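Asker: curious how this folds, go ahead:
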Amino acid sequence: MATASSSHSAWGDAVSVSDLPDLLEAVARGDQAAFSSLYDTTAARVHGLVVRVLADPAQSEEVTQEVFLEVWRTASRFDRGRGSPLGWLLTIAHRRAVDRVRASSAARARDVTYERETTPASYDTTEETVSARLDAERVRAAMVHLTDMQREAVELAYFGGRTHTEIAATLGIPLGTAKSRIRDGLTRLRDHIGGER
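Answerer: I've put the predicted structure just below:
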């Protein structure tokens, strides 16, 4: 491994983006001064991307550190023939930031589920349950007023839990058509259910 002083003089203080391939090769050999220059040249761009994805300054700093730790460990994987060094760095940064968003979302979902499952209801839910059941019965009864195509789309969406895209694929129709059938079906349902009350 080159010493910091000899490597530092090789890279100087003015390193540009065009020097990044050579810097990465030196980092892959364990050159700490090259890593320092690489960091100084790219950290603002990497951190900026991470902040845009996470919108959380503290987490963004952590993820930026993780990105550069990964770069230090995996610099030998960079291939000049497959893209630019900055593109490689920003891909790592984006992937790490998205992973953090997913992990944070999963943790929040676990917390919400735990809270819901462990907190006893503070009120009698019987009336709410009966009301929900009656509403569901009214909706099912009103479904007879829909066309077959509307009924099929609404059932897939609201009783089958499918997305618009999944419904379009299941029915073999364009996405816009699926959305129209659901919207028209819901409008007709609302008209019939509203008239019953």
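Asker: what's the helix or strand for A103?
Answerer: helix 85-118 (DSSP states H and E).
Asker: make that R162, sorry
Answerer: Assigned by DSSP H and E, R162 falls outside every helix and strand.
Asker: dump the residue contacts of it.
Answerer: By C-beta atoms under 8 Å, 6 or more residues apart in numbering, the residues touching R162 are L156, T170. The C-beta positions use only the backbone N, C-alpha and C, and glycine is treated the same way.
Asker: hmm, try it at 10 Å
Answerer: A153, E155, L156, A168, A169, T170, L171, A178 (C-beta atoms under 10 Å, 6 or more residues apart in numbering).
Asker: closest one of those residues to E62?
Answerer: For the contacts of R162, the minimum distance to E62 (C-beta to C-beta) is 39.1 Å, reached by A169.
Asker: number of nearby residues for that closest one?
Answerer: Applying other C-beta atoms under 10 Å, we find 13 other residues in the vicinity of A169.
Asker: if we can go back for a sec, flag every buried residue along the helix holding A103.
Answerer: P85, W88, L89, L90, I92, A93, H94, R96, A97, R100, V101 (16 or more other C-beta atoms under 10 Å).
Asker: before we move on, the earlier item: just flag the most distant two among the contacts of R162.
Answerer: Among the contacts of R162, the pair separated by the greatest distance (C-beta to C-beta) is E155 and A169, at 15.6 Å.
Asker: just to revisit the earlier point, show the buried residues in the contacts of R162.
Answerer: Buried among the contacts of R162 by 16+ other C-beta under 10 Å: A153, E155, L156, A168, L171, A178.
Asker: would you confirm that Q150 contacts M143?
Answerer: Yes: the pair Q150 / M143 is scored as a contact, 8.9 Å apart, by C-beta atoms under 10 Å.
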